[in-house]
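Chemist: Pasting a predicted model and its sequence here:
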Amino acid sequence: MLIRKLAIIALSISCYSFVANGWPWVNDTVSKIRLTWSEDPSTTMKIIWDTKSELGVDQVLYYDSVDHGSNIARYANRALVDKLNFYKGMFNAVTHIRNLRPDTKYYFIIQTSRGDLSKRYWFKTMEQSEDARLSIIAGGDSRNNRSPRVAANKLVSKLRADFVLFGGDMTSLDISGQWKNWFVDWEHTIATDGRMTPIIVARGNHERSNASISKLFDTSEGVYYSLPFAGNLLKTYVLNSESSLNGDQLVWLNKDLSESEDTIWKIGLYHRPMRPHTAKKSENDRLYQAWAPVFYKYSMDLVVESDSHTVKTTYPIRPSFEQGHEEGFVRDDENGTVYVGEGCWGAPLRENNDDKSWTRSSGSFNQFKWIHLDRNTMDIRTIAVDNAYEVASVTDEARFDIPRNLRVWSPKEGDVVTLESRK
């Protein structure tokens, strides 16, 4: 009996080791690639992928501003894996490359420990000049419906935006198999020529812990952070609506905003909306009390919310309980903040049955926002994604043009929300 128990214990330990470290006959590979930032987007890039095995710690990433295809000997630069963490059933390799040139295409290819090569991919670093023009896609809530999720991802590859703002709830259950599928589907954002679009992520309520974001996208542990783009042209603020709204996060938000008053545009990103546009969701007074006054004080221009699985755009609004307010907001076209959302990247749709007096337009369909901005104006369009396979791809030279068959939502209030710079 003792021998049998010891054998069972030994087998359990071996199985755990195989799960944690990879089965001994599994070779390392390259898959589920994603790009993101935690430092200056004009001179750095963070590349993350699944190696499928602990052997992936020895993989090498080759990169250059000249495209050498699969000839790794000709690439001028190489980078090793900075860290490898086993999480959600994946061996997540992180390589952070720095000292890049602004506004420059970089081509890269990854070699496994056995010498096998990945496909050749490329990205472009951001400009440093405030005279830049940016293209941004913003949305969230992909959850469990893979068909509309893939359609939205496919549109990302065709619109060739500078980056994606994603407001959380990638999966429904936050389990390994769903995350693997999510990253497989995310590869549909890669264009046919290998161009990759970086993603900036917030945590949703279906991410059960901060680790689901911080370990899979290598963000800060608290999953709240800011990123500047094109000098003082834009700063994005990623907030965590699923943890303490006050305390360290609020102190950081006030400090960062107070030090960024020269920034021309500010965009906020988080998951739960302050004032949902479906009756299925309750009002989030804690969010309102913590963040709405700060947004108004420091002139946040645009806030991207998710969670409700509806479509909404507000007029510029500010927090107030003066006469004529609704749910603590009044319309203020001069000094207010525009709130958009609320999800619909593939999550089950809900009815938009809770409009406010300051709601510009609302709906219920699979969509994301497509944002164009320069130092003078910001244009916001709502893009229906279900016909993605019919939409033509834009070129890098014409990526601000509307491609053939793209469905731009056109409610009675108009298909473009235009904001004028306050600087």
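Modeler: Perfect, thanks for sending it.

Chemist: tally of neighbours for Lys180?
Modeler: Each residue near Lys180 was counted by other Cβ atoms under 10 Å, and the total is 17. C-beta: built from backbone N, CA, C; applies to glycine.

Chemist: Show me the chain divided up by domain.
Modeler: Residue ranges for the domains of the chain, per automatic domain parsing: 31-81+92-124, 134-420.

Chemist: Quick one: the strands in the stretch 301-423 of the chain, in order.
Modeler: 302-304, 311-314, 317-319, 329-331, 338-341, 359-363, 367-373, 377-384, 407-408, 417-420 (DSSP state E, counting those that start in this stretch).

Chemist: For those strands, give me a markdown table that also has mean neighbour count and distance to Val184.
Modeler: Formatted as a markdown table, those follow (neighbours: other Cβ atoms under 10 Å; distance: least, Cβ to Cβ, whole Å):
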| stretch | mean neighbour count | distance to Val184 |
| --- | --- | --- |
| strand 302-304 | 26 | 25 |
| strand 311-314 | 25 | 27 |
| strand 317-319 | 24 | 39 |
| strand 329-331 | 21 | 40 |
| strand 338-341 | 26 | 26 |
| strand 359-363 | 20 | 29 |
| strand 367-373 | 24 | 20 |
| strand 377-384 | 19 | 23 |
| strand 407-408 | 14 | 25 |
| strand 417-420 | 15 | 34 |
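
Chemist: A strand includes Ala152, no?
Modeler: No: read with DSSP: H, G, I helix; E, B strand; the rest coil, Ala152 is helix and lies in no strand.

Chemist: and the gap between the nearest residue to it once chain neighbours are set aside and Thr278?
Modeler: Excluding the flanking residues, the one nearest Ala152 by Cβ to Cβ, 6 or more residues apart in numbering is Val385, at 4.3 Å. Val385 sits 19 Å away from Thr278, going by Cβ to Cβ, to the nearest Å.

Chemist: Those two - which one has more neighbours?
Modeler: Val385 (25 against 21).

Chemist: surely the more buried one meets Val156?
Modeler: No: judged on Cβ atoms under 8 Å, Val385 makes no contact with Val156 at a distance of 9.4 Å.

Chemist: Pull up the overlap in contacts between these two.
Modeler: Common contacts of Val385 and Val156, defined by Cβ atoms under 8 Å, 6 or more residues apart in numbering, are absent altogether.

Chemist: On the pLDDT front, check Ser12 for me.
Modeler: Per-residue confidence (pLDDT) for Ser12: 43.

Chemist: rewinding a little: okay if I get the strands of the stretch 301-423 of the chain as CSV plus distance to Asn145 and mean pLDDT?
Modeler: Below are those laid out as CSV (distance: least, Cβ to Cβ, whole Å; pLDDT from 0 to 100):
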stretch, distance to Asn145, mean pLDDT
strand 302-304, 20, 98
strand 311-314, 16, 98
strand 317-319, 31, 98
strand 329-331, 31, 98
strand 338-341, 18, 97
strand 359-363, 17, 98
strand 367-373, 13, 98
strand 377-384, 15, 98
strand 407-408, 18, 98
strand 417-420, 27, 98
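
Chemist: out of the ones you listed, nearest to Asp162?
Modeler: strand 367-373 (9.8 Å; Cβ to Cβ).

Chemist: Distance check, Lys266 against Ser53.
Modeler: Lys266 is 42 Å from Ser53, by Cβ to Cβ.

Chemist: would you list every one of the strands in the stretch 151-300 of the chain?
Modeler: Along the stretch 151-300 of the chain, the stretches classed as strands by DSSP E, counting those that start in this stretch are 163-166, 199-201, 225-229, 234-238, 265-269.

Chemist: strands paired with the last one, and their directions?
Modeler: It stands for strand 265-269. strand 234-238 (parallel), strand 302-304 (parallel) (DSSP bridges).

Chemist: Serialize these to TSV and add fields for distance to Phe108.
Modeler: As requested, those are exported to TSV (distance: least, Cβ to Cβ, whole Å):
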stretch	distance to Phe108
strand 234-238	24
strand 302-304	29
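
Chemist: one step back: the strands of the stretch 301-423 of the chain: which one's closest to Ala161?
Modeler: strand 367-373 (7.4 Å).

Chemist: relative to strand 234-238, how tilted is that closest one?
Modeler: 150 degrees (axes from the mean of the first three to the mean of the last three Cα atoms, to 10 degrees).

Chemist: Using CSV, list the CA coordinates for strand 367-373.
Modeler: Output of strand 367-373 as CSV, limited to C-alpha atoms (Å, rounded to 0.1, in the frame of the first residue of the first chain):
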residue,chain,number,x,y,z
GLN,A,367,-18.9,47.7,-33.5
PHE,A,368,-15.9,49.7,-32.5
LYS,A,369,-14.8,53.3,-32.7
TRP,A,370,-12.4,54.6,-35.3
ILE,A,371,-10.7,57.8,-34.2
HIS,A,372,-8.7,60.2,-36.3
LEU,A,373,-6.9,63.1,-34.6
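
Chemist: tell me which strands and helices it is in contact with?
Modeler: For strand 367-373, the packing partners by 3 or more Cβ pairs under 8 Å, 6 or more residues apart in numbering; DSSP states H and E come out as strand 134-139, helix 146-159, strand 377-384.

Chemist: To Gln178, which of these lies closest?
Modeler: Nearest of the helices and strands packed on strand 367-373 (Cβ to Cβ): helix 146-159, 9.9 Å.

Chemist: Cool, thanks, signing off.
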